[in-house]
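Q: output the structure for:
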Amino acid sequence: VFSFFAIVTSFLGVCLGCVDFLKELMYGADAEQTPGGQLTAISIALLPCLAVAIASPTIFYPALEFSGTFRLILFGIFPALMVWVGRSQGRTQWMPGGFLLLATVIATAS
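A: Okay, the predicted model is just below:
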């Protein structure tokens, strides 16, 4: 039960955010007054995902593995590398820790 509601609430949050973004992107500030704007935005947000899920139902686990690797690089390795480069160029003197700590963070993340 918990996992079902975790997936549903995550999906609803992402879906509502995408729909609002698409409405503003397509119609601008008057997105609420546009007839059919909500349905068009929902269709653009959900139909491609539905088509991929129907065309390849086993793609979820490979996509999940790819996204995990991508997040590891994006949120684990890149920030430490940015601090490393900033320190070597003398731009981030206020960051605590040393190069040994950054090397440990990068090694642990990878």
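Q: using the three-state scheme, assign Leu72.
A: helix (DSSP: H, G, I helix; E, B strand; the rest coil).
Q: was I right about it contacting Ala109?
A: Yes: shown here, Leu72 and Ala109 form a contact pair, counting by Cβ atoms under 8 Å, at 6.2 Å. The C-beta positions use only the backbone N, C-alpha and C, and glycine is treated the same way.
Q: so where's the protein uncertain?
A: 29-35, 92-93, 95 (pLDDT under 70).
Q: which strands and helices sit next to the helix or strand containing Ala103?
A: Per DSSP states H and E, Ala103 falls inside helix 99-109. Packed against helix 99-109 by the contact rule (3 or more Cβ pairs under 8 Å, 6 or more residues apart in numbering; DSSP states H and E) you find helix 78-88.
Q: so which other helices or strands are in contact with the helix it packs on?
A: By 3+ Cβ pairs under 8 Å, 6+ apart, helix 78-88 packs against helix 99-109.
Q: tell me the centre residue of this structure?
A: When the chain is reduced to its mean C-alpha position, the nearest residue by Cα atoms, centre = their mean turns out to be Arg71, at 8.3 Å.
Q: give the buried residues for the helix holding Ala103.
A: With burial defined by 16 or more other Cβ atoms under 10 Å, the residues of helix 99-109 counted as buried are Leu102, Val105, Ile106.
Q: stretch 53-71 now?
A: Per 16+ other Cβ under 10 Å, stretch 53-71 contains no buried residues.
Q: could you export it as CSV, CA atoms only?
A: Only the C-alpha atoms of stretch 53-71 are listed here, as CSV (Å, rounded to 0.1, in the frame of the first residue of the first chain):
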residue,chain,number,x,y,z
ALA,A,53,5.0,2.3,-21.8
ILE,A,54,2.7,0.5,-24.3
ALA,A,55,5.4,0.1,-27.0
SER,A,56,8.0,-1.3,-24.5
PRO,A,57,6.6,-2.4,-21.2
THR,A,58,10.0,-3.7,-20.0
ILE,A,59,11.8,-0.4,-20.4
PHE,A,60,11.2,0.7,-16.8
TYR,A,61,14.1,-1.0,-15.1
PRO,A,62,16.8,-0.1,-17.7
ALA,A,63,15.5,3.5,-17.6
LEU,A,64,15.6,3.4,-13.8
GLU,A,65,19.2,2.1,-13.9
PHE,A,66,20.2,4.8,-16.3
SER,A,67,18.6,7.6,-14.3
GLY,A,68,20.4,6.3,-11.1
THR,A,69,23.8,6.5,-12.9
PHE,A,70,22.9,9.9,-14.3
ARG,A,71,21.9,11.2,-10.8
